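> Predicted structure and sequence below. I'll ask about it afterward.
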Amino acid sequence: MKNVYIPIEMEVEKNYFETSDRMIKTLKLKFIDEKFEFQPGQFCEFSILGKGEAPFGIASSPHVKDSIEFSINRAGVVTKAIHELRVGDIVGMRGPLGNYYPVDDMKGHNVVVIGGGFAFTTLRSLIEYMLHEKYRADYKDIKVIYGARNPGLLLYKDLLDNWEKRDDIETYFTIDQAVEGWEKLVGFVPTVTEQVAPSPENCYAIVCGPPIMIKFTLPVLLKLGFPKDKIITSLERRMKCGIGKCGRCNLGEHYICKDGPVFNFSQIEKLPNEV
Amino acid sequence: MKKATKSDFIKFLKDLSDSYEVIAPQKIADEGIDLSPVTDFNKITFDYVNTERSFKRFIFPQSQELFKFENNKIVAEKIKPKKQVIVGIRNCDINNFKVLDYNFIEKDPVDSLYKDARDNTIFIVGACIKNNSTCFCKTFKINPLGVESGDLSYLFDDESKEFYIKANTEKGTELIKKLKCKAASDFDEKVKKYETNHDNIPDLIEDKDLVEIFSGQLDGDKWETIFQGCVNCGICTFYCPTCYCFDIEEEGKFWKGRRVRNWDSCMFSIYSKETTGHNPRPTNRERYRNRVLHKFYYQLKHNDSYGCVGCGRCISNCPTNIDIRKIIKTFI
Ligand SMILES: Cc1cc2nc3c(=O)[nH]c(=O)nc-3n(C[C@H](O)[C@H](O)[C@H](O)COP(=O)(O)OP(=O)(O)OC[C@H]3O[C@@H](n4cnc5c(N)ncnc54)[C@H](O)[C@@H]3O)c2cc1C
Ligand code: SF4
Ligand code: SF4
Ligand code: FES
C-alpha cells in the first residue's frame, strides 16, 4: 500500500520576485516522472527535505499540464528555503489537495472575483480557467476586483494588463492610497466592491484576501443582496498532513484541508466562530 | 471457549513470543501497571483495573518515522511491520477503534503506517472485574466485560482462579487452537456473575442526542467558565486513547535525515497559530471547547461515534482536576 506522506519529485524551472518588496516569489515547477491534474482552488504540500513541508495554493491554470506555479511569501523556515531554490533544483510535492471552487455550479452564472493582497494566487488559477476558450462560454459576465496596498504589491502584472485588454472580462484594480503614475482605482476593496459589483441576480462572488478584507467585504455583498451560499471563499488554517489525518486544521467538524479550503458563507456561519 | 489456569495462559503467551512481540501489563517502577513488551513472563500481572496508558501507542506510536532521506532523495524502503500481540486491553480502550479506524482507514486516503501496524497486531481483551471511581464507559454503551471484543477475550474468575477465554475473530479462532487446556461450557454463567460488579458505573448521557444538544450551544455562557483552571498542559490528550492529532517534523539535514510524526495536542496554543501570528483559537476557552466538541459533537457528526470511551484517564491525570464528566453534565 502507498505511503501517503511521500511526495513526488518536481524540478524548479523558474523562481523570480513577484512583488517590489521582494517578499513574494513565483515558482514554476516541472513534473518529472509522476504528474497530476488539478482544479482551480486546490493546493499542495511543498516539501524541502531537511526543512519541512508547507501548504500553498496552486496559482497556475489547470490547462497547463506539464508544470505548476506557486507564489510564495517568505514567512519562516520552509518559505525561506523555497525562496533560495535555484533553477534545476529538485523539490517534493504532495497534491493536489482539498476541494476547489464550484466551477460546475458556477456555469451559466455571472461571476465576480474579489481579491486582496497575495491571496490572489488561486483566484488567478480560477480566472485563467474560466477564460480558457474551452470554458469561457460556460460563464456569463466575469468581473475582477483586485486590490493591494501599493502597485508594487499586485501580483501577476503582465497578466493583469492582458486581462484589461480583453473584452470578455471586466477588471477593477485598486490600491489603498494614491501614488504618482497610478491611473487606476484608489480605495479599499470593500469600497470598490460596493461601487462596481454586479447585480446579485444569478451571480457568484468569489472572495479571497486577508481576514480584515473579508470581514468588511462580506457585509457589502450581503447588503447588495448576494445569497450566502453564493458567496465563496477559501479558508486558511495551519496545516500539516493536508489529507485529513493529523487533525490540525479543523474548523468545527470540518478539516479544512479535505472538506475545504473552499466554503460558502452559509456553511461557515454554522460553525463555531473560530476563523 | 476454553478455560485455562494462569500458568496455562502465560505459557500460551510465551509460546506466541516465538512469532510475535508480546506486550502485556507489568509493574513498572514509578508508573504503576502499564503495558510494555515482555522480557520476563513471570512479571506479567493481571491485578489492575486499567493500565496506566492505553495500548494506542503500539499501533500509533508517539513518534513514528514517515520516511528517510539522503542527499535530497527519499530512501525507498518497505518497512516490514512488527508482528505483535497485546494482552490485557480493556473494552473501553479498544473502543477507540471507532475513532482511530475511521480517521486512519475508513476515511480516504488510507494511512498505511497505521493500517500495517493494526493488521499485524493481535488484540486480547481482558474483562474488567473491578472498576475505578473515574470509569464511565457505560455512558457510551461500552460493556466493561467486553467479552465480544478483540481477537481473543478473557474473563478471570476469582473463585476458580481460571481464565475463561473466547475467540471473537478468525485470527482469534486460529490462535486459540494453540491454547492447551479444557473447554469451558459455563462461560455465559460467569459473564452473568460479573456483570453486576459494574452496576455503579454511571450512564451520563442515556438516550440523549448530543448532536442536537451541542448544535445549539456552540457558543454561549456555559463555555465561559468550564475551561478555567486548565493550564493547557495537554496531558489529557496524550493519555486519551482516542486522540489522534499529530505534528509532522523534520529530523536531520537534507543530506541525511528523516521525516517523523509526533503526537500533538489541540490544547497547545501554538497548535493552531498561523505564520502571520493570527490564532483562530487564541485562548484556553476556544482550545478547551475544541477538545470537548470534538469528543461529543464533531466525532458524532463524522461517523456517529463518540470521541470518548469513558476510560477516565484525563480525569485522574489532570493536574488541575478538570473533570470531563462534569462538562458533559453541564451541557445536557
Ligand atoms: C490552503 C493554504 C494555502 C496557502 N497558500 C499560500 C500561498 O499561495 N502563498 C503563500 O505564501 N502562503 C500560502 N499559505 C500559507 C503558508 O502555508 C505558510 O505561510 C507557510 O506554511 C509558512 O511556512 P514556513 O515554514 O515558512 O513558516 P514557519 O512559521 O517557520 O512555520 C513552521 C511550520 O509551521 C507550519 N505553518 C505555519 N503557519 C502555517 C499556515 N498558515 N498554514 C499552514 N502551515 C503553517 C508549516 O508547516 C511550517 O513548516 C497557504 C496556507 C494554506 C493553509
Ligand atoms: S490535563 Fe487538565 S490542565 Fe492539562 S490540558 Fe487537559 S484539561 Fe487542561
Ligand atoms: S476524553 Fe478522557 S475519559 Fe474520554 S477516552 Fe479520552 S482520556 Fe478517556
Ligand atoms: S492538515 Fe492534517 S487534518 Fe488537515
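Noted; the coordinates are in hand. Ligands and ions are numbered 1, 2, ... in the order given.
> burial count for the closest residue to chain A within the stretch 101-250 of chain B?
When you check the stretch 101-250 of chain B against chain A by Cβ to the nearest Cβ, the closest residue turns out to be B:C245, at 3.6 Å. Glycine gets a C-beta too; all of them are placed from N, C-alpha and C. Residues near B:C245, counting by other Cβ atoms under 10 Å in any protein chain shown, number 22.
> Could you find the closest non-adjacent residue to it?
Closest residue in space to B:C245, ignoring its immediate chain neighbours: A:G247 at 3.6 Å, by Cβ to Cβ, 6 or more residues apart in numbering or on different chains.
> For the one you found, grab the count of nearby residues.
Close neighbours of A:G247, defined as other Cβ under 10 Å, add up to 21.
> Over to it. Which of the three states is it?
With DSSP: H, G, I helix; E, B strand; the rest coil as the basis, A:G247 sits in coil.
> likewise A:E34?
With three-state DSSP as the criterion, A:E34 was assigned coil.
> Show me the domain layout of chain B.
Residue ranges for the domains of chain B, per automatic domain parsing: B:2-198, B:210-331.
> So which helix or strand of chain B has the lowest pLDDT on average?
Per-element confidence for chain B was summarised using mean pLDDT, DSSP states H and E. The lowest value among helices and strands belongs to strand B:182-183, with a mean of 80.
> Can you list the strands that it pairs with?
Partner strands for strand B:182-183, per DSSP bridges, with pairing direction: strand B:2-4 (antiparallel).
> what pLDDT, on average, does the partner strand get?
If you average the pLDDT over strand B:2-4, you get 88.
> any residues touching the helix or strand just after that strand, and which ones?
Moving toward the C-terminus from strand B:2-4, the first helix or strand encountered (DSSP states H and E) is helix B:6-16. Contacts with helix B:6-16, where a contact means Cβ atoms under 8 Å, 6 or more residues apart in numbering or on different chains, come from B:4, B:22, B:24, B:38, B:41-42, B:44, B:46, B:85, B:87, B:154, B:161, B:163, B:165, B:175, B:178-181.
> following helix B:6-16, which helix or strand comes up?
Going down the chain from helix B:6-16, the next helix or strand is strand B:21-28, by DSSP H and E.
> which strands and helices sit next to that following strand?
Using 3 or more Cβ pairs under 8 Å, 6 or more residues apart in numbering or on different chains; DSSP states H and E as the contact criterion, the secondary-structure elements in contact with strand B:21-28 are helix B:6-16, strand B:32-37, strand B:84-89.
> how about that strand: buried residues?
Within strand B:21-28, the residues that qualify as buried are B:E21, B:V22, B:I23, B:A24, B:P25, B:Q26, counting by 16 or more other Cβ atoms under 10 Å in any protein chain shown.
> and those residues, which two are the farthest apart?
The most widely separated members of the buried residues of strand B:21-28, counting by Cβ to Cβ, are B:E21 and B:P25 (14.8 Å).
> Please list the residues outside the least confident helix or strand of chain B that contact it.
Outside of strand B:182-183, the residues within contact range by Cβ under 8 Å, 6+ apart are B:M1, B:K2, B:K3, B:A4.
> which SS class is the residue nearest the centre of chain B?
Averaging the C-alpha coordinates of chain B gives a centre point, and the residue nearest to it by Cα atoms, centre = their mean is B:P241 (3.0 Å). In three-state terms, and counting by three-state DSSP, B:P241 is coil.
> domain assignment for chain A?
A:8-97, A:110-234.
> What does the pLDDT read for the residue in chain B sticking out farthest from the centre?
Seen from the C-alpha centroid of chain B, the residue lying at the greatest distance (Cα atoms, centre = their mean) is B:N71, 38.3 Å away. Looking at B:N71, its pLDDT reads 93.
> Who are the contact partners of it?
Here B:N71 is in contact with B:F254, B:W255, B:K256 (Cβ under 8 Å, 6+ apart).
> The last one against B:V75, yeah?
This means B:K256. No: contact status for B:K256 versus B:V75: not in contact, 9.5 Å apart, counting by Cβ atoms under 8 Å.
> Please identify which of these two sits among more neighbours.
A count of neighbours by other Cβ under 10 Å puts B:K256 above the other of B:K256 and B:V75, at 14 against 11.
> Please report how far that one lies from ligand 2.
Shown here: B:K256 relative to ligand 2, a distance of 36 Å by Cβ to the nearest ligand atom, to the nearest Å.
> What sits closest to that residue if chain neighbours are left out?
Beyond its immediate neighbours in the sequence, the residue positioned closest to B:K256 (Cβ to Cβ, 6+ apart) is B:E70, lying 5.3 Å away.
> Include distance to B:H294 when you put the contacts of B:N71 into TSV, please.
Converted to TSV, the contacts of B:N71 look like this (distance: Cβ to Cβ, whole Å):
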residue	distance to B:H294
B:F254	36
B:W255	40
B:K256	37
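> Closest to ligand 4 out of those residues?
B:F254 (23.3 Å; Cβ to the nearest ligand atom).
> hang on, the earlier thing: what's opposite the residue nearest to B:K256 in the beta bridge?
Applying DSSP bridges to B:E70 gives these bridge partners: B:K73, B:K256.
> count of residues packed around it?
Neighbour count for B:E70, taken as other Cβ under 10 Å: 14.
> same check, this time on A:I58
Applying other Cβ under 10 Å, we find 25 residues neighbouring A:I58.
> Hmm, A:F46 and it touching each other?
No: A:I58 is beyond contact range of A:F46, at 10.3 Å (criterion: Cβ under 8 Å).
> Overlap of the contact sets of the two?
Taking Cβ under 8 Å, 6+ apart as the contact rule, A:I58 and A:F46 both touch A:F70.
> give the contact list for the closest residue to ligand 4 within the stretch 1-150 of chain A.
With Cβ to the nearest ligand atom as the measure, the residue in the stretch 1-150 of chain A that lies nearest ligand 4 is A:P55; the distance is 7.6 Å. Contacts for A:P55 (Cβ under 8 Å, 6+ apart) come out as A:F43, A:C44, A:E45, A:F46, A:L97, A:M239, A:G242, A:C257.
> Could you measure from the nearest residue to A:L131 once chain neighbours are set aside over to A:L153?
The shortest distance from A:L131 to any residue that is not its chain neighbour, by Cβ to Cβ, 6+ apart, is 6.4 Å, and that residue is A:I169. When Cβ to Cβ, to the nearest Å is applied, the distance between A:I169 and A:L153 equals 22 Å.
> How about A:S67?
Shown here: A:S67 relative to A:L153, a distance of 25 Å by Cβ to Cβ.
> now do A:E170
If you measure A:E170 against A:L153 using Cβ to Cβ, the figure is 22 Å.
> So which elements touch the very next helix or strand once past the least confident helix or strand of chain B?
Stepping forward along the backbone from strand B:182-183, the first helix or strand reached (DSSP H and E) is helix B:187-195. Secondary-structure packing of helix B:187-195 (3+ Cβ pairs under 8 Å, 6+ apart): strand B:152-157, strand B:162-167.
> so which of those strands comes closest to ligand 3?
Go through the helices and strands packed on helix B:187-195 one by one with Cβ to the nearest ligand atom and the one that ends up closest to ligand 3 is strand B:152-157, at 19.9 Å.
> who does B:V22 bridge with?
On the basis of DSSP bridges, B:V22 takes part in beta bridges with B:V85.
> confidence score at it?
Turning to B:V22, the model gives it a pLDDT of 97.
> likewise B:K193?
Looking at B:K193, its pLDDT is 89.
> show me the contacts for the spatially closest residue to it that is not a sequence neighbour.
With Cβ to Cβ, 6+ apart as the criterion, B:K193 has its nearest non-adjacent residue at 8.0 Å, and that residue is B:D157. Contacts for B:D157 (Cβ under 8 Å, 6+ apart) come out as B:K3, B:F163, B:Y164, B:K190, B:K193.
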